[in-house]
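Participant: from the sequence below, what's the structure:
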Amino acid sequence: MMAVSGRRLFLALATLIFTLDQITKAAATAWLAPRDAVTLIPGFLDLAYVRNPGAVFGLFRTLVDPWRSLILTLVPLLALALVIAMALRTPPTRLRVQGALGLILGGALGNLLDRLRLGIVVDFIGVHVGRYHWPNFNAADSAICIGVGLLVLDMWRSTGES
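Facilitator: Residues are numbered from 1 along each chain as shown. Down below sits the predicted model:
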């Protein structure tokens, strides 16, 4: 069995997440945009097309242009540079970190492409718990959150080992 290289994992996950994100957003745009929300699990999960002019979970959506466009394009570009630099500086044997960075890169690229191409990000997953409704999100947002969570877990475990 061939050992998995961290760099390959980084690139594979980034590519997979970017592709999955773009496919699901295209499907949401085609099938959900012209209709009301589609309930998958009553009172918990639905699919509804949302054009998000802000950042993840709708942050900064009320900021006016040109500031919103400038901030929401430059900050992700800086984050992408940071993620790539971290991946290059992280030893390939640290698979959890390389995988986490791949998830973040793929998600960030997916949302950045939306912003550059459409001026908004397509969100379509809605989660409800009781009367609380979490802002709609997409596959890229999920990958970014999971990647950040894995990085935090890795830092926590590394701190516990030293």
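
Participant: and the strands in the protein, which stretches?
Facilitator: With DSSP state E, the ranges of strands along the chain come out as 38-41, 45-52, 121-129, 132-137.

Participant: tell me which of the ones you listed sits most buried.
Facilitator: strand 121-129 (a mean of 20; mean count of other CB atoms under 10 Å). No exception for glycine: its C-beta is placed from N, CA and C like everyone else's.

Participant: and that one with strand 132-137, angle?
Facilitator: Counting by axes from the mean of the first three to the mean of the last three CA atoms, to 10 degrees, strand 121-129 points 160 degrees away from the direction of strand 132-137.

Participant: and stretch 150-160, what's buried?
Facilitator: Buried residues in stretch 150-160, counted by 16 or more other CB atoms under 10 Å: 150-151, 154.

Participant: do the same with stretch 53-65
Facilitator: Buried residues in stretch 53-65, counted by 16+ other CB under 10 Å: 53-56, 58.

Participant: sort these by pLDDT and name the bottom one.
Facilitator: pLDDT across the buried residues of stretch 53-65 is lowest for Gly58, at 67.

Participant: can you list the weak-confidence ranges in the protein?
Facilitator: Low-confidence segments of the chain (pLDDT under 70): 1-4, 57-58, 160-162.

Participant: about what we covered before: mind putting the strands of the chain in TSV, distance to Leu32 included?
Facilitator: Below are these laid out as TSV (distance: least, CB to CB, whole Å):
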stretch	distance to Leu32
strand 38-41	7
strand 45-52	4
strand 121-129	6
strand 132-137	10
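
Participant: looking at these, which is closest to Gln22?
Facilitator: Evaluated with CB to CB, these place strand 121-129 nearest to Gln22, the distance being 9.6 Å.

Participant: from the chain's centre, how far out does the closest one sit?
Facilitator: Strand 121-129 has its C-alpha centroid displaced from the chain centroid by 13 Å (CA atoms, centre = their mean, to the nearest Å).

Participant: try stretch 117-125
Facilitator: Taking CA atoms, centre = their mean, the mean C-alpha location of stretch 117-125 is offset from the chain mean by 12 Å.

Participant: please apply the same query to stretch 148-155.
Facilitator: Mean-position distance between stretch 148-155 and its chain equals 15 Å (CA atoms, centre = their mean).
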